[in-house]
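S.K.: Quick one: sequence plus predicted model below, questions after.
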Amino acid sequence: MTQRYSPTEETRPPQIIYALYLAGLVTANITLLIGVIVAYVYRKEAAPWLQAHYRYLIRTFWIGCLYFIATFTLSLMLVGTLLWPLLAVWLGVRCIIGWIAVRKGEPPARPGSWLW
């Protein structure tokens with residue numbers, strides 16, 4: 001059974017980071033870089049359940065970078081052009097799932113996952 005926490009002011013930074021990540025879909029990933037920097041800054045002093053969110057956000061950034069490199073490389077061979085929408089969906093779903101968990105006052109369901 002997962003323990004629930006009441007949302008407070010300390011849940012605002014992860015929510016903003018999730019929003020920055022989602023905005024990265026339309027800002028050429030500039031806000032993703034800002035979001036990961038903020039996640040690194042806030043992760044040490046956060047409550048344990050929020051540290052799981054920061055870990056999830058940081059992993060989302062680095063896994064997304066790996067997927068981006070793979071997709072870009074495959075795009076040079078024209079195979080990867082079909083993967084760009086999947087990469088956007090992956091980021092969107094991952095952020096929405098995390099954002100909902102923060103709003104509920106819960107840690108992310110699977111912070112170590114490479115998918116969702």
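M.R.: Received it, and whenever you're ready, just let me know what you need.
S.K.: Surely W116 and I97 touch.
M.R.: Yes: contact criterion C-beta atoms under 8 Å: W116 and I97 qualify, at 5.7 Å. To be clear about C-beta, it is placed using only N, CA and C from the backbone, and glycine gets the same treatment.
S.K.: Let me know the secondary structure of the residue of the chain most remote from its centre.
M.R.: Relative to the centre of the chain, the most outlying C-alpha is that of M77, 28.1 Å out, by C-alpha atoms, centre = their mean. M77 falls in the coil class when you classify it by DSSP: H, G, I helix; E, B strand; the rest coil.
S.K.: Tell me where this structure has helices.
M.R.: 12-23, 30-42, 48-75, 83-104 (DSSP state H).
S.K.: re the thing from before, neighbour count: W116 and I97, which is higher?
M.R.: I97 (16 against 12; other C-beta atoms under 10 Å).
S.K.: From P111, how far off is the more buried one?
M.R.: 11 Å (C-beta to C-beta, to the nearest Å).
S.K.: can you check Q15 too?
M.R.: Counting by C-beta to C-beta, the gap from Q15 to P111 is 16 Å.
S.K.: follow-up on the earlier one: over to the residue farthest from the centre of the chain: give its phi and psi.
M.R.: Backbone geometry at M77, expressed as degrees, to the nearest 10, gives phi -100, psi 10.
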